[in-house]
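Participant: here is my input, please return the structure:
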Amino acid sequence: MDPHAEYSRRLEDRRKSRDREERLFKRIGTARLATGIAGVIVAWLSIGRLTISPWWLIPPALLFLALVMWHQFVFVRLNNARRAVLFHERGLARLEDRWQGQGETGDRFRVADHVYAEDLDIFGKGSLYELLCTVRTIQAEEMLARWLLGSPAEAPVVKDVVEQRQQAVAELRSHLQLREDLFLLGDLVRRDVHPAELVAWGESEPQAFPHLLRYVAPALAIATPLLLILNLAGVVRLWVFLAALLVELGLMLSLREKVNRAAEAAEGPARALDLLAEVLQRFERERFDLPCLQRLRAGLEAVNAPASSHIAALEKYVARLEWSHNQFFAPIAVVLLWREQLAVRIEDWRRAHGRRLRAWMASIAELEVLSALAGYWWDHPADPLPEIGAEEALFIAEGVAHPLMPERIAVRNDVALGADARLLIVSGSNMSGKSTLLRAVGLNAVLAMAGAPVRAHRLVLSSLSVAASIRVVDSLADGRSRFLAEITRLRAMMEMARADRGLLFLIDELLSGTNSHDRRIGAEAVLRGLVQRGAIGLATTHDLSLTAISEALSPLVKNVHFADVLADGNLVFDYRLHEGVVRRSNALELMRSVGLEI
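Facilitator: Have a look, this model is predicted:
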């Protein structure tokens, strides 16, 4: 199915629904206004002028109440229709490369000195995270960030995990309606309470209330108001009602500390329960064929009822608990032992289901992330799932391109790293595409390890850790020069290669911060150490003397380059990777082009 045509078709349909709901919403508002005016006129005639019976106030009052309720119902539908329009508009924006700045950037997940996150634009405006992130819950956002940042463990385990993710993504790819429904579940992800707080609350020890309280409190809550009604009717004496009320007050005083602790502990973490319950309920309605997805779906089950119903029950308890803070309802809450009954129910809930919260939230997060990756594949149907190869470090790509660049302008190249060539030294002039190639290789490796499709005609790779030195910068705060930052990153690469985890390293302008003599000796030592430890990678350079390293490390190292030509005073790049060392530089031409006399 053509994603652009499907998004467009659905967008037209959703816009019609939105326009229809907007017209109905305005009509109901007009009817409410007319009914209110009619009610004022009837009130003036019945109360002010005494010309008609006050009973005539009932029809406009009932009609106004019905219109208010209908208005609210239509408002919810209108809001959903507007969000459905936004969902498909964003889908088209992704296909038309207008998506930058419209989604979640993931800036809060930035990690100082991470071995590739800043170099590969994992987070930020126009980043890989923004392109992929269509999840709804905080735990899913965090899981997606971990998948994009994580270093693989042992290769065989990671291979199985990646392949399971790929299978799940393949099944979820066509579930466009699921992704739309998830998008409708809330305007904003709640970030004022962290899911870890809810999990910690669920796994902590519940408050212990006397068992008889579960029967005594409801009985008193029924008996005390009933005695008040009977007293007003003259059936019982006032002291009977007051005695029951005193019993309630004594019970409240004896339980006050426990009730307050239970209420305060639940009210904070439970503020995001509404979204959690809705996401749970939506996934519970979905049916999957793959065992891995069925296991995740089964993780949402609970005793006697789906997890969503239990979460909804807890949300209801906490919401009703907040009613007791209302000054008008507070006296009624005292008579009904409102806080005491709800505190008991909340603690009973925590005792029965609290320790399941972690598993429920983990299952939701993984399903959301897999659905988001499936949505990325839906948007890019020509991108294949990579093949996960042998344990030995391997990255063989046919037609690899930068996944954050528009497909219509991205130039594809073949890159082969493995037993035959562990390192490619990439030479070339300024702006010829060297750094873009490094990021294309790194980003596709990150996508592959996350279980997502890749921007290539074909990609075969092993389970790889990624490390990059492309955008290392100095730090005034830490008193660290760019050169020190670079060699610190190179040391981290060496340690990763020494750990024998299968490393893909990407180095831009190796040791450019030092003199040519030290650069030549240091670069050869670094690259030799990485290659001898089984790592694979690419290193770019402007210093053509470094290309001689391939002779010292032959046949494990090869030279490749990007070329350019000067045509009519303008530099023209083909962004194609060629064999061998570049034979010309464009530095002087660039200097002349900006007006420097050379």
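Participant: can I get stretch 551-560 in PDB? Just the C-alpha atoms.
Facilitator: Taking Å, rounded to 0.1, in the frame of the first residue of the first chain, the C-alpha atoms of stretch 551-560 are listed here in PDB:
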ATOM      1  CA  GLU A 551      50.400   0.000   3.200                       C
ATOM      2  CA  ALA A 552      51.500  -0.700   6.800                       C
ATOM      3  CA  LEU A 553      48.300  -2.400   7.600                       C
ATOM      4  CA  SER A 554      47.600  -4.100   4.300                       C
ATOM      5  CA  PRO A 555      45.400  -6.000   3.400                       C
ATOM      6  CA  LEU A 556      43.100  -5.200   6.400                       C
ATOM      7  CA  VAL A 557      43.000  -1.500   5.400                       C
ATOM      8  CA  LYS A 558      41.900   0.100   2.100                       C
ATOM      9  CA  ASN A 559      41.900   3.600   0.800                       C
ATOM     10  CA  VAL A 560      38.700   5.100  -0.700                       C
END
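Participant: got the contact list for that stretch?
Facilitator: Stretch 551-560 is contacted by residues 420-427, 524, 527-528, 531, 547, 549-550, 577-581 when judged by CB atoms under 8 Å, 6 or more residues apart in numbering. Any C-beta I mention is one placed from the backbone N, CA and C, and that applies to glycine too.
Participant: which stretches of this structure have low pLDDT?
Facilitator: Along the chain, the parts satisfying pLDDT under 70 run over 48-50, 151-157, 186-193, 271-272, 302-303, 473-481, 500-501, 513-516, 566-571, 584-598.
Participant: can you tell me the centre-most residue of it?
Facilitator: Central residue of the chain (CA atoms, centre = their mean): residue 141, 2.6 Å from the mean position.
Participant: spell out the secondary structure type for that one.
Facilitator: Classification of residue 141 using DSSP: H, G, I helix; E, B strand; the rest coil returns helix.
Participant: who are the contact partners of the spatially closest residue to it that is not a sequence neighbour?
Facilitator: Distances taken as CB to CB, 6 or more residues apart in numbering place residue 135 nearest to residue 141, at 5.7 Å, with adjacent residues excluded. By CB under 8 Å, 6+ apart, residue 135 lies in contact with 141, 144, 182, 365, 368-369, 371-372.
Participant: kindly report the same for residue 471.
Facilitator: Counting by CB under 8 Å, 6+ apart, residue 471 makes contact with 118-119, 508.
Participant: swap the cut-off to 6 Å and go again
Facilitator: Neighbour list for residue 471: 118-119 [criterion: CB atoms under 6 Å, 6 or more residues apart in numbering].
Participant: from residue 429, how far off is it?
Facilitator: Counting by CB to CB, to the nearest Å, the gap from residue 471 to residue 429 is 20 Å.
Participant: now, the contacts of stretch 551-560 that are in helices?
Facilitator: Judged by DSSP state H, the contacts of stretch 551-560 include 524, 527-528, 531, 549-550 as members of helices.
Participant: in CSV: those, plus neighbour count and distance to residue 540.
Facilitator: Listed next are the ones in helices among the contacts of stretch 551-560 as CSV, based on neighbours: other CB atoms under 10 Å; distance: CB to CB, whole Å:
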residue, neighbour count, distance to residue 540
524, 17, 15
527, 27, 12
528, 16, 17
531, 20, 16
549, 24, 13
550, 21, 14
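Participant: out of the residues you listed, which comes closest to residue 41?
Facilitator: Lowest distance from residue 41 to the ones in helices among the contacts of stretch 551-560 (CB to CB) belongs to residue 527, with 89.4 Å.
Participant: what about burial for the contacts of residue 135, which qualify?
Facilitator: 141, 144, 182, 365, 368-369, 371-372 (16 or more other CB atoms under 10 Å).
Participant: narrow these to those in helices?
Facilitator: Using DSSP H, these in helices are 141, 144, 182, 365, 368-369, 371-372.
Participant: closest to residue 172 out of those?
Facilitator: So of these, ranked by how close each gets to residue 172 (CB to CB), first place is residue 371, at 5.3 Å.
Participant: excluding chain neighbours, what is closest to that closest one?
Facilitator: residue 172 (5.3 Å).
Participant: now the closest residue to residue 270 other than its chain neighbours: how far from residue 37?
Facilitator: Closest residue to residue 270 apart from its sequence neighbours, by CB to CB, 6+ apart: residue 318 at 4.2 Å. Computed as CB to CB, the residue 318 to residue 37 distance reads 40 Å.
Participant: what do you get for residue 308?
Facilitator: Applying CB to CB, the value for residue 308 to residue 37 is 43 Å.
Participant: with residue 410 instead?
Facilitator: 62 Å.
Participant: likewise for residue 517?
Facilitator: From residue 517 over to residue 37 the distance is 91 Å, taken as CB to CB.
Participant: do residue 236 as well
Facilitator: For residue 236, the distance to residue 37 equals 47 Å [CB to CB].
Participant: contact partners for residue 351?
Facilitator: residue 206.
Participant: that one: what secondary structure?
Facilitator: Applying three-state DSSP: residue 351 is helix.
Participant: for the stretch 301-450 of the chain, what spans make up the strands?
Facilitator: Secondary structure of the stretch 301-450 of the chain (DSSP state E, counting those that start in this stretch): strands at 387-388, 395-400, 413-417, 423-428.
Participant: one more: the chain?
Facilitator: For the chain, the strands defined by DSSP state E occupy 387-388, 395-400, 413-417, 423-428, 458-461, 465-469, 503-507, 536-541, 557-567, 570-579.
Participant: out of these, which comes closest to residue 339?
Facilitator: Among the strands of the chain, the nearest to residue 339 by CB to CB is strand 465-469 (53.1 Å).
Participant: contact partners of that closest one?
Facilitator: Against strand 465-469 from outside (CB under 6 Å, 6+ apart): 115-116, 119, 151-152, 442, 445, 486, 489, 493, 496, 501, 503-507.
Participant: what does stretch 204-222 give?
Facilitator: Under the contact criterion CB under 6 Å, 6+ apart, stretch 204-222 has outside partners 248, 258, 262, 336-337, 340-341, 344, 347, 350-351.
Participant: likewise stretch 250-270?
Facilitator: Stretch 250-270 is contacted from outside by 193, 197-198, 201, 207, 318, 321, 339-340, 343, 346-347, using CB under 6 Å, 6+ apart.
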